[in-house]
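In: Next one to model:
(one chain, ligands or ions: 1)
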Amino acid sequence: MPSDPKSAVLALEDGTVYRGRAFGAARTVVGEAVFNTSMTGYQEILTDPSYFAQIITMTAVQIGNYGTSPDDEESDGPKASGFVVRDLSPVVSNWRSVESLPDYLERHGVPGLSGVDTRAITKRLRVAGAMNACLSTEGLTDGEAVERAREWTGLVGVDYVKAVTVKEAYQFEDGVTRQPFTVPGTNLYTDPHREKIYKVAALDFGAKRSIFRKLRMHGFDVWVLPADASPEQIAELKPDALFLSNGPGDPAAVTYAHKTVAKAMQDYPTFGICFGHQVITHALDAPTYKLKFGHRGGNQPVKNIETGVVSITAQNHGFAAKREDLENRGAVVTEINLNDDTVEGLRHKDLPVFSVQYHPEAAPGPNDADPLFTQFYDMVSTVKG
Ligand SMILES: NC(=O)CC[C@H](N)C(=O)O
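Out: Residues are numbered from 1 along each chain as shown. Reported below is the predicted structural model:
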């Protein structure tokens, strides 16, 4: 079997091996095996820098049917290490597609595995927890692939942000219109009465472009800074507000950002998403911990415990903070996940600072949480006038 050039293997550190067909790049990679339950949006998922060093299994049964398009990239290319699907569509059918998924992954050096029982992989990860894994399309034996998985150091304690953050500061502009518009039947809109545009300094821990687009649509000019920017570099921009992005790996590892944010959130109204929420957690001197298998997908129910409102949210995280730790450190826990009661949002007891563990920009996913961008604008406008 390993001598078949089209064969590929996913091996988990517990010795479980799944064999199927290779697609994408001819390579051997290691990373953390995770699963994502989104029904659509495979290109946005692949290019989300939060997936750096992870091998993603999609639970949706057929992937690749609408191809790929440069408009759907959340960064400058795929950031996941490997991709596992049940059925790779043999047909690409969409007017926006410029390249098939296998060709796109091959061009970017990402290996794929198809024709495996993705339900079995998902159940394994759910029961045993996220695991170190090896995906190879290069003819490794089962034993060799398991060995490679076991040799990998894992995510915990490693700073992967420095691999994906921007090198130089820049202003984010991608032609998003500020003309008022709404998407009928959804809550998507450009705020029509935003006469005043605020300047937000965004620390880039591995940001998705859709987040910056949403900030622009909701009345912000977005100035992006490297993850290790100092409080002085932030101050030089003279921003009205601070934004903290999503990002890969272990939030405990970026101690430089904890320090910067502990200082900067005293000075600016602050909003954090996912990794940004976890950095606020550390800036408050509360710890984060690793979830057993994380939340990844577009169907995670979250309840705002202050308003009682339940949103269906897009998520991608493997770490989280504990309620009692946050509440001991000056935060009010505002939202919880209805599947497992974990913390999904906080606000500072005294400062104009709030954050969510999920992804209000969706991309892909439901837009229930889009109003959080308006909430951020309103908070800045209350502080700045
Ligand atoms: N989407 C994110 O920002 C992910 C945050 C972090 N890397 C985690 O896995 O929890």
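
In: Go ahead and list the helix or strand containing whichever residue of the stretch 101-250 of the chain sits closest to the ligand.
Out: Nearest residue of the stretch 101-250 of the chain to the ligand: Asn246, at 3.1 Å (Cβ to the nearest ligand atom). Where C-beta positions appear, they are placed from N, C-alpha and C, glycine not excepted. Following DSSP states H and E, one finds Asn246 outside all helices and strands.

In: what about the closest residue to it other than its chain neighbours, distance to Ala235?
Out: Closest residue to Asn246 apart from its sequence neighbours, by Cβ to Cβ, 6 or more residues apart in numbering: Cys274 at 4.1 Å. Cys274 sits 25 Å away from Ala235, taking Cβ to Cβ, to the nearest Å as the criterion.

In: residue contacts, Leu338?
Out: Listed by Cβ atoms under 8 Å, 6 or more residues apart in numbering, the contact partners of Leu338 are Pro301, Val302, Lys303, Val310.

In: swap the cut-off to 6 Å and go again
Out: Listed by Cβ atoms under 6 Å, 6 or more residues apart in numbering, the contact partners of Leu338 are Pro301, Lys303.

In: and Glu335, how many neighbours?
Out: 27 (other Cβ atoms under 10 Å).

In: just Glu13 next, same as before
Out: Glu13 has 21 neighbours, counted by other Cβ under 10 Å.

In: hang on, the earlier thing: give me the number of neighbouring residues for the residue of the stretch 101-250 of the chain closest to the ligand.
Out: For Asn246, the count of nearby residues is 25 (other Cβ under 10 Å).

In: wait, what's in contact with it?
Out: Neighbouring residues of Asn246 by Cβ under 6 Å, 6+ apart: Ser50, Ile273, Cys274, Phe275.

In: Kindly report the same for Gln278.
Out: Pro251, Thr288, Phe319.

In: Test my guess that the first one contacts Lys290.
Out: Right, Pro251. No: with contact defined as Cβ atoms under 6 Å, Pro251 does not count as touching Lys290 (10.3 Å).

In: overlap in contacts of those two?
Out: Taking Cβ under 6 Å, 6+ apart as the contact rule, Pro251 and Lys290 both touch Phe319.

In: who's more crowded, these two?
Out: Using other Cβ under 10 Å, the more surrounded residue of Pro251 and Lys290 is Pro251, with 28 against 16.

In: Which residue is the nearest non-sequential neighbour of that one?
Out: Gln278 (3.5 Å).

In: Equivalent analysis for Pro239, please.
Out: Of all residues not flanking Pro239 in the chain, Ala201 sits nearest, at 3.9 Å (Cβ to Cβ, 6+ apart).

In: on that earlier part again, does the helix or strand hosting the residue nearest to Pro251 come close to the ligand?
Out: Using DSSP H and E, Gln278 falls within helix 275-283. Yes: against the ligand, helix 275-283 shows contacts by Cβ under 6 Å from any ligand atom at Phe275.
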